[in-house]
Structures are given as C-alpha cells and as structure tokens.
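Trainee: take this sequence and fold it.
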Amino acid sequence: FEILAISLQSAMETVEKLEIKLTDFAKKHAKEIQHDPAFRQRFLQMCAPLGVDPLSSKKGFWGQLLGMGDFYYELALKVVEICYANRSKNGGIISVSEVKSILSSRKTKFQLCGQVTKAYTQDDIEIAINKLHKLGGGFRTVQIGKSKMILSVPTELDNDHMEIMSLAQIYGGSISFDRIRGDKGWNADRCQRAIDLLLTEGMAWVDNYQGHTLYWIPSIWKQQKR
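Mentor: Residues are numbered from 1 along each chain as shown. Purely as a prediction, here's the structure:
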C-alpha cells in the first residue's frame, strides 16, 4: 500500500506540473488558440489527456483566459438550426461537411473574444456537437464510411445501418437489395430490417422505376453532389 501511495502521489505531482505547463502555454499562445483553427485543434488535443476543459463557461479560469466557450455555444446553435431545417429532407442525418458548406454560403460569423471571426473548421463543428451531446437531446456525430455525420434524432443506428449508408457512398448515394446482398452476403430479412428503419426515419427514400427499386440516402447523395 505504501508503494501504491507513493506511485499515486508521484502521478498527481506529474499531472499538476503538466497542467502548469499547459496553462503557461495557453497564456503565451492565447491569440493563436483563439484565431487559428488548426492550432486550436492541436491545443484541445493536448488538453484532453489531462481532463482540462478550456471550453468551459466564461466564468471559469479557462473561460476568462481563452473565452472560447461562447464561440462553441453560438456555433452549436447555428448547427442545430441547420439540422432542424433539413430534418424533413434527410431524416435527421447530415454530413458535417454539408453543415460547414451551408454556414459558409451564409457567410456566418461568430464572436470570439470580442472579435468577429469566420475562422472555424469541420473539427470545430464536431466539438460543438459533442458539447451538445453531453446535454442530451439526440445530437451526436457518427462515422459513416469516410464521412463524419451529425445525427439530430435519438434513433439508435446499429452497424447494419452504418454499413448500408457506407455502401451508398460507394454507389453514388443509392443502394439496392441486390447490391447489399452481393457486397455483404446478408439474407433478405437482415436487409429488410435495416432498410425499413432508415425508411421509417426518413433517412432513406425509395425509388421504384421500371421494376427496379433503389434506396436513396439523401444526406449521402447531397454530400457527393458538391
């Protein structure tokens, strides 16, 4: 127990020293953290292992030092607005890149430390959504194939649903039963179960043409159109 206590004390002292160094680094590079999105991402990656949350409200130490909490709050509100506005079209799933494109087309600006900025990235959007996820409400990001997508509904998607949407990326935004069974080797019941949920939630649309049935994933299709 004595050895364990010494090891624990040593670990705590190491963490404290790292936190001090992190604070000094943040003070020295505050402007770069605030206004350079790539630099900001690297800094947040440094914070994570130490459990430091520099995105806390402006009342806390990190909020007073960097003032980024309000920026991510405002960004999250804009992302939520876009998700809700497009939910009837995509069933509550939209790519992070599409959200960024919509914000850019609107020339959306944010307040960061008293200054107006348009310098934000897809990584910033993901961080804003992950902050929302902690509050509940269904908002979260998921990886589908090569794309990061935002889910704005509480529907739970399992691996089969993700696989179908990943296949749709390969085939230009649509998928058929034959392609699913050919690529995945699933039986008809498994295909039907996965497709039915996507159709029910509005995440997929059915297209019957000349005896052929395709299932379109609008969020995937729109992403590939750009």
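Trainee: tell me the buried residues in the helix or strand hosting residue 168?
Mentor: Counting by DSSP states H and E, the element that carries residue 168 is helix 159-170. Neighbour-count burial for helix 159-170 flags 160, 161, 162, 163, 164, 165, 166, 167, 168, 169 (criterion: 16 or more other CB atoms under 10 Å). Backbone N, C-alpha and C define where each C-beta goes, glycine included.
Trainee: need those residues in TSV (columns: distance to residue 72).
Mentor: Formatted as TSV, these follow (distance: CB to CB, whole Å):
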residue	distance to residue 72
160	33
161	29
162	27
163	32
164	32
165	27
166	29
167	34
168	31
169	29
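Trainee: give me the contacts around stretch 125-133.
Mentor: Stretch 125-133 has contacts (CB atoms under 8 Å, 6 or more residues apart in numbering) with 44, 55, 72-73, 75-76, 79-80, 96, 99-100, 139-141, 148, 150.
Trainee: need the buried ones from these selected in PyMOL.
Mentor: Here is the PyMOL command that picks out the buried ones among the contacts of stretch 125-133, judged by 16+ other CB under 10 Å:
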select buried, resi 44+55+72+73+75+76+79+80+96+99+100+139+140+141+148+150
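Trainee: what is the lowest-pLDDT residue among the contacts of stretch 125-133?
Mentor: Lowest pLDDT of the contacts of stretch 125-133: residue 55, 65.
Trainee: ok, so of the buried residues of helix 159-170, who is nearest residue 194?
Mentor: Within the buried residues of helix 159-170, the smallest distance to residue 194 is 4.1 Å, found for residue 160 (CB to CB).
Trainee: give me the number of residues near the residue lying closest to that closest one once chain neighbours are set aside?
Mentor: In this structure, residue 160 finds its nearest non-sequential neighbour in residue 194, 4.1 Å apart by CB to CB, 6 or more residues apart in numbering. By the criterion of other CB atoms under 10 Å, residue 194 has 23 neighbours.
Trainee: wait, a strand at residue 194?
Mentor: No. Using DSSP: H, G, I helix; E, B strand; the rest coil, the secondary structure at residue 194 is helix, not a strand.
Trainee: wait, isn't it in contact with residue 161?
Mentor: Yes. Using CB atoms under 8 Å, residue 194 makes contact with residue 161 at a distance of 5.5 Å.
Trainee: tell me which entries of the contacts of stretch 125-133 lie within helices.
Mentor: 44, 72, 73, 75, 76, 79, 80, 96, 99, 100 (DSSP state H).
Trainee: so what's the fourth one up against?
Mentor: This means residue 75. Contacts of residue 75 were listed using CB under 8 Å, 6+ apart, and they are 110, 120, 124, 125, 128.
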